[in-house]
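In: Quick one, what's the 3D model for this:
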Amino acid sequence: MGHRALIAYERPDSTYNCHFTHWGAQNLRLKPAISKETPFGGDDPDRTVQTVHRRLLEATSERAVDRVLDATDLPSRQVDIDPWATHVTIDAIITQYLDYLHHEAFYVVDTDFRVTAYRTHWFGLQYDCRAVEDTPTVGNGALRTVRWYEGEPVGDGFAQGEFQALKAVAGDMIDRGVFTHADAIEYLKTKLDEWVEDQEELIIRRPNLGE
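Out: From the prediction side, this is the model:
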């Protein structure tokens with residue numbers, strides 16, 4: 001199945017390039033792996049990869065991206081070097097590209113290679129109750145940072161389990177007639193806001209479902 005994630009690299013004009021990783025969400029492993037020397041992860045610094053990364057951030061068209069990628073044979077890295085999208089905003093990535101069910105994490109890399117790691121929480125409830133049949137997976141959930149200590153995420157597994165338990169409660173309340181679907185989502189949002197500590201960050205994206 002993999003541990004999929006998206007990575008947003010800040011460009012000189014403050015927009016971003018969006019890349020995909022198949023395994024990089026596991027234990028939020030990319031946060032310490034991405035650096036100026038290893039922009040796409042991996043253990044071995046490679047000047048060719050560093051140059052390609054810089055040129056991708058400067059590319060202003062799909063043709064320019066293709067020229068960068070076709071110019072040399074590129075090694076495999078933890079992050080796919082071929083971008084999903086270029087010159088896009090963070091809001092566009094987390095609203096239009098990030099799949100909150102299938103992407104387990106989201107990383108933002110600024111121009112100084114400071115990496116912020118977010119865990120994703122999907123708001124879909126069709127696996128938690130009988131009354132909800134289908135909900136979007138793209139642009140429908142929360143992004144949450146966790147505390148780090150000595151290069152390791154603290155409480156990441158607990159936070160994921162805590163949210164799954166919260167969804168189970170919300171789904172049960174829908175089936176019992178206590179919550180509407182909209183009520184249940186508000187409950188998820190309220191509880192997440194209560195749980196996330198002041199030094200952490202919580203971002204919520206919710207499509208208009210006409211409820």
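In: could you point out which element follows the longest helix seen in the chain?
Out: As assigned by DSSP state H, the longest helix anywhere in the chain is helix 156-175. Where DSSP states H and E defines the elements, the next helix or strand beyond helix 156-175 is helix 181-195.
In: Please identify the buried residues of that following helix?
Out: 181, 184, 185, 187, 188, 192 (16 or more other CB atoms under 10 Å). In short, each C-beta sits where N, CA and C put it, glycine included.
In: quick one: secondary structure of residue 83?
Out: Secondary structure, DSSP: H, G, I helix; E, B strand; the rest coil: residue 83 is coil.
In: Now it. Nearest residue, chain neighbours left out?
Out: Spatial nearest neighbour of residue 83, chain neighbours left out: residue 17 (4.7 Å); criterion: CB to CB, 6 or more residues apart in numbering.
In: Wait, a strand at that neighbour?
Out: Yes. Under three-state DSSP, residue 17 sits within a strand.
In: What is the burial count for it?
Out: 22 (other CB atoms under 10 Å).
In: That one contacts residue 81, doesn't it?
Out: No. Counting by CB atoms under 8 Å, residue 17 stays clear of residue 81, with 10.5 Å between them.
In: shared neighbours of these two, which are they?
Out: residue 56 (CB atoms under 8 Å, 6 or more residues apart in numbering).
In: just to revisit the earlier point, quick check: buried residues in the longest helix of the chain?
Out: 156, 159, 160, 163, 166, 167, 170, 171, 173, 174.
In: would you list these in CSV and tack on pLDDT?
Out: CSV is the format used below for the buried residues of helix 156-175 (pLDDT from 0 to 100):
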residue, pLDDT
156, 92
159, 91
160, 94
163, 96
166, 97
167, 97
170, 97
171, 97
173, 97
174, 97
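In: Farthest-apart pair in those, please.
Out: Spanning the widest gap among these are 156 and 174, at 27.7 Å by CB to CB.
In: residues in contact with the helix or strand containing residue 53?
Out: Per DSSP H and E, residue 53 falls inside helix 47-58. Applying CB under 8 Å, 6+ apart, the contact partners of helix 47-58 are 9-12, 17, 36-40, 42, 65, 68-69, 71-72, 74-75, 77, 81, 83, 86.
In: go on, stretch 123-133?
Out: With CB under 8 Å, 6+ apart, stretch 123-133 has contacts from 100-101, 134-137, 140-142, 167-168, 170-172, 174-175, 181, 184-185, 188, 206.
In: Need the CA coordinates for the lengthiest strand in the chain. CSV is fine.
Out: Using DSSP state E to define each element, the chain has its longest strand at strand 115-122. The C-alpha coordinates for strand 115-122 follow below in CSV (Å, rounded to 0.1, in the frame of the first residue of the first chain):
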residue,chain,number,x,y,z
VAL,A,115,10.8,21.3,6.8
THR,A,116,7.3,21.4,8.4
ALA,A,117,5.7,18.0,8.6
TYR,A,118,1.9,17.6,8.8
ARG,A,119,-0.1,14.5,9.6
THR,A,120,-3.4,14.3,7.6
HIS,A,121,-6.8,13.5,9.1
TRP,A,122,-9.6,12.7,6.6
